[in-house]
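In: after the sequence you'll find the predicted model.
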Amino acid sequence: MKLLTAKLNEPVRSMTRFTIVGLSGTAIQYGWYYLFLYLFHRFSPDMTGLVNVAFTIGYVLEMISNYLLQSYYVFETRPQWKNLGGFVSGRIVNYLLQMLLLYCLMLPQIGMNEKWAGFLAIFIAGIVNYFVLKIFFKKK
(Lines give C-alpha, C1' and ligand atoms only; values in the text may rest on other atoms or scores of the structure.)
Protein backbone atom coordinates (compact mmCIF):
# COMPACT_ATOMS: atom_id res chain seq x y z
CA MET A 1 0.00 0.00 0.00
CA LYS A 2 2.85 2.38 0.84
CA LEU A 3 4.45 1.81 -2.57
CA LEU A 4 1.11 2.47 -4.29
CA THR A 5 0.69 5.71 -2.33
CA ALA A 6 4.22 6.80 -3.24
CA LYS A 7 3.46 6.19 -6.93
CA LEU A 8 0.21 8.11 -6.71
CA ASN A 9 1.91 11.06 -5.04
CA GLU A 10 4.80 11.21 -7.53
CA PRO A 11 2.92 13.25 -10.16
CA VAL A 12 1.72 15.66 -7.49
CA ARG A 13 5.24 15.99 -6.06
CA SER A 14 6.72 16.49 -9.51
CA MET A 15 4.15 19.14 -10.44
CA THR A 16 4.68 20.93 -7.11
CA ARG A 17 8.42 21.06 -7.64
CA PHE A 18 7.94 22.14 -11.24
CA THR A 19 5.66 24.94 -10.03
CA ILE A 20 8.30 26.15 -7.55
CA VAL A 21 11.02 26.12 -10.22
CA GLY A 22 8.61 27.62 -12.75
CA LEU A 23 7.66 30.49 -10.46
CA SER A 24 11.30 31.25 -9.72
CA GLY A 25 12.08 31.01 -13.44
CA THR A 26 9.16 33.32 -14.20
CA ALA A 27 10.50 35.83 -11.69
CA ILE A 28 14.02 35.60 -13.16
CA GLN A 29 12.83 35.93 -16.76
CA TYR A 30 10.34 38.68 -16.04
CA GLY A 31 12.89 40.56 -13.90
CA TRP A 32 15.43 40.63 -16.72
CA TYR A 33 12.70 41.43 -19.28
CA TYR A 34 11.43 44.34 -17.17
CA LEU A 35 14.96 45.65 -16.57
CA PHE A 36 15.77 45.63 -20.27
CA LEU A 37 12.40 47.21 -21.15
CA TYR A 38 13.26 50.01 -18.73
CA LEU A 39 16.74 50.44 -20.20
CA PHE A 40 15.49 50.34 -23.78
CA HIS A 41 12.69 52.84 -23.02
CA ARG A 42 15.22 55.12 -21.38
CA PHE A 43 17.81 55.04 -24.16
CA SER A 44 15.62 54.36 -27.19
CA PRO A 45 12.05 55.62 -26.72
CA ASP A 46 11.04 54.33 -30.18
CA MET A 47 11.23 50.69 -28.93
CA THR A 48 10.81 49.25 -32.45
CA GLY A 49 11.74 45.59 -32.11
CA LEU A 50 13.29 46.10 -28.69
CA VAL A 51 10.42 44.44 -26.80
CA ASN A 52 11.36 41.16 -28.49
CA VAL A 53 15.05 41.70 -27.71
CA ALA A 54 14.29 42.36 -24.02
CA PHE A 55 12.07 39.27 -23.91
CA THR A 56 14.74 37.09 -25.55
CA ILE A 57 17.49 38.27 -23.18
CA GLY A 58 15.31 37.42 -20.19
CA TYR A 59 14.46 34.05 -21.69
CA VAL A 60 18.07 33.02 -22.33
CA LEU A 61 19.27 34.09 -18.88
CA GLU A 62 16.44 32.19 -17.18
CA MET A 63 16.95 29.07 -19.29
CA ILE A 64 20.44 28.43 -17.93
CA SER A 65 19.35 28.15 -14.30
CA ASN A 66 16.13 26.41 -15.25
CA TYR A 67 17.91 23.45 -16.86
CA LEU A 68 19.86 22.67 -13.71
CA LEU A 69 16.86 23.11 -11.43
CA GLN A 70 14.65 20.97 -13.67
CA SER A 71 17.27 18.21 -13.75
CA TYR A 72 18.22 18.04 -10.09
CA TYR A 73 15.14 19.26 -8.25
CA VAL A 74 12.05 18.55 -10.34
CA PHE A 75 12.86 15.34 -12.19
CA GLU A 76 15.69 14.19 -9.86
CA THR A 77 18.10 13.23 -12.64
CA ARG A 78 21.62 14.25 -13.46
CA PRO A 79 22.11 16.62 -16.38
CA GLN A 80 22.86 14.52 -19.45
CA TRP A 81 23.31 15.15 -23.14
CA LYS A 82 20.11 13.20 -23.77
CA ASN A 83 17.93 15.36 -21.55
CA LEU A 84 19.82 18.55 -22.50
CA GLY A 85 18.79 17.99 -26.12
CA GLY A 86 15.21 17.37 -25.07
CA PHE A 87 15.29 20.37 -22.75
CA VAL A 88 16.58 22.68 -25.49
CA SER A 89 14.00 21.29 -27.95
CA GLY A 90 11.23 21.83 -25.43
CA ARG A 91 12.50 25.31 -24.67
CA ILE A 92 12.55 26.24 -28.36
CA VAL A 93 8.88 25.26 -28.55
CA ASN A 94 8.26 27.20 -25.33
CA TYR A 95 10.09 30.28 -26.66
CA LEU A 96 8.10 30.28 -29.89
CA LEU A 97 4.86 29.91 -27.92
CA GLN A 98 5.86 32.78 -25.64
CA MET A 99 6.75 35.03 -28.57
CA LEU A 100 3.45 34.20 -30.30
CA LEU A 101 1.51 34.95 -27.11
CA LEU A 102 3.46 38.18 -26.57
CA TYR A 103 2.69 39.29 -30.12
CA CYS A 104 -1.00 38.37 -29.90
CA LEU A 105 -1.51 40.01 -26.50
CA MET A 106 -0.01 43.26 -27.77
CA LEU A 107 -2.21 43.41 -30.88
CA PRO A 108 -4.35 46.56 -30.97
CA GLN A 109 -7.52 44.46 -30.67
CA ILE A 110 -6.37 43.21 -27.28
CA GLY A 111 -4.29 46.26 -26.42
CA MET A 112 -2.29 44.83 -23.52
CA ASN A 113 0.87 46.78 -22.71
CA GLU A 114 4.24 45.05 -23.06
CA LYS A 115 4.73 44.60 -19.31
CA TRP A 116 1.51 42.65 -18.72
CA ALA A 117 1.69 40.87 -22.06
CA GLY A 118 5.17 39.59 -21.21
CA PHE A 119 4.06 38.31 -17.82
CA LEU A 120 0.99 36.53 -19.19
CA ALA A 121 2.95 35.00 -22.08
CA ILE A 122 5.55 33.61 -19.65
CA PHE A 123 2.86 32.24 -17.33
CA ILE A 124 0.74 30.48 -19.95
CA ALA A 125 3.70 28.98 -21.79
CA GLY A 126 5.16 27.78 -18.48
CA ILE A 127 2.16 25.54 -17.89
CA VAL A 128 2.51 24.02 -21.35
CA ASN A 129 6.27 23.64 -20.79
CA TYR A 130 5.80 21.21 -17.88
CA PHE A 131 4.13 18.64 -20.08
CA VAL A 132 6.69 19.05 -22.85
CA LEU A 133 9.68 18.69 -20.48
CA LYS A 134 8.18 15.72 -18.65
CA ILE A 135 8.68 13.69 -21.85
CA PHE A 136 12.46 14.26 -21.80
CA PHE A 137 13.25 13.96 -18.08
CA LYS A 138 12.67 10.41 -16.96
CA LYS A 139 13.95 8.77 -13.79
CA LYS A 140 16.01 5.67 -14.17
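Out: Thanks, I have the structure now. Residues are numbered from 1 along each chain as shown.

In: contacting residues around the residue most central in space within the chain?
Out: The centroid of the chain falls nearest to Gly126 when counting by CA atoms, centre = their mean (4.8 Å). Listed by CB atoms under 8 Å, 6 or more residues apart in numbering, the contact set of Gly126 reads 22, 25-26, 94. To be clear about C-beta, it is placed using only N, CA and C from the backbone, and glycine gets the same treatment.

In: now, which of the residues you listed lie within helices?
Out: Counting by DSSP state H, those place 22, 25-26, 94 in helices.

In: let me know the average pLDDT across stretch 87-96.
Out: In this model, stretch 87-96 has an average pLDDT of 84.

In: now this protein, which segments are flagged as low pLDDT?
Out: 1-8, 133, 136-140 (pLDDT under 70).

In: let's see that with 80 instead.
Out: Along the chain, the model assigns pLDDT under 80 to residues 1-15, 18, 45-49, 74-77, 79-83, 86-87, 90, 129-140.

In: fine by me, thanks again.
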